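Chemist: show me how the following folds:
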Amino acid sequence: MTTTQFPGRSPRIAGWLLAPLAWLLMTLLSSSIALAIYLMMLISPESHRLMSAQGPKMVMFWYTSIACAIAMWGYTVWLTIAFFKRRKNVVRHYILWLLLSVLLAVKAFAFSPVSDDLALRQLMFPLLAAALLVPYLKRSQRVKQTFINP
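Modeler: Numbering: from 1, shown residues only. As a prediction, the model looks like this:
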């Protein structure tokens, strides 16, 4: 299938660019659900009581996790909008977003009280996405021709 090129217009988001977009949208969906769970816990007096019993260090970790989740969700929303608008800086920010995802997965692996198997599975997907998508985003001519809007 061929696409018609109009003078002065960048190509539409299609082909292999759908993979980074799908990863971005799935992450937005899952982070929205996680944020909703955090916020439900935040308004629950029972969770505050249980956390206070764990000590102030646990409360600090919990609020830090909420702040990280809100920041990452906001960055993901912004990046999704920029992706659809085909902004010039999408590639740089997408790579940064992937690296932040890997760092958050490493943080979960190192500091979360979950089994190593679960933590490794959570770390594997961001690492795999970064390993596959970063070279594509850096070298693809289609990516360079698509993300040209200021």
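
Chemist: Gly15: neighbouring residues, count only.
Modeler: 13 (other Cβ atoms under 10 Å). Glycine gets a C-beta too; all of them are placed from N, C-alpha and C.

Chemist: check what pLDDT the closest residue to it other than its chain neighbours gets.
Modeler: In this structure, Gly15 finds its nearest non-sequential neighbour in Arg142, 6.4 Å apart by Cβ to Cβ, 6 or more residues apart in numbering. You'll see Arg142 listed with a pLDDT of 84.

Chemist: tell me which element Arg142 falls in.
Modeler: Per DSSP states H and E: Arg142 is located in helix 141-146.

Chemist: show me the contact partners of that helix.
Modeler: For helix 141-146, the surrounding residues in contact (Cβ atoms under 8 Å, 6 or more residues apart in numbering) are Ser10, Pro11, Arg12, Ile13, Gly15, Trp16, Leu17, Arg86, Val91, Tyr136, Leu137.

Chemist: so how far is Ala129 from the fourth one?
Modeler: Spelled out, that is Ile13. 17 Å (Cβ to Cβ, to the nearest Å).

Chemist: give me the more crowded residue out of those two.
Modeler: Set side by side, Ile13 and Ala129 show more neighbours around Ala129, with 18 against 15, by other Cβ under 10 Å.

Chemist: contacts only, for that one.
Modeler: For Ala129, the contacting residues are Trp23, Leu98, Ser101, by Cβ under 8 Å, 6+ apart.

Chemist: swap the cut-off to 7 Å and go again
Modeler: Going by Cβ atoms under 7 Å, 6 or more residues apart in numbering, Ala129 touches Trp23, Leu98.

Chemist: just the CA atoms of the helix or strand of the chain with the lowest mean pLDDT, as CSV, please.
Modeler: Least confident helix or strand, the chain: helix 45-54 with a mean of 82, by mean pLDDT, DSSP states H and E. These are the backbone C-alpha positions of helix 45-54, laid out as CSV (Å, rounded to 0.1, in the frame of the first residue of the first chain):
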residue,chain,number,x,y,z
PRO,A,45,-8.3,6.1,56.3
GLU,A,46,-7.7,2.4,56.8
SER,A,47,-4.6,2.4,54.6
HIS,A,48,-3.3,5.5,56.4
ARG,A,49,-3.7,3.7,59.7
LEU,A,50,-1.9,0.6,58.4
MET,A,51,0.9,2.6,57.0
SER,A,52,1.4,4.7,60.1
ALA,A,53,1.8,1.4,62.0
GLN,A,54,4.7,0.5,59.7
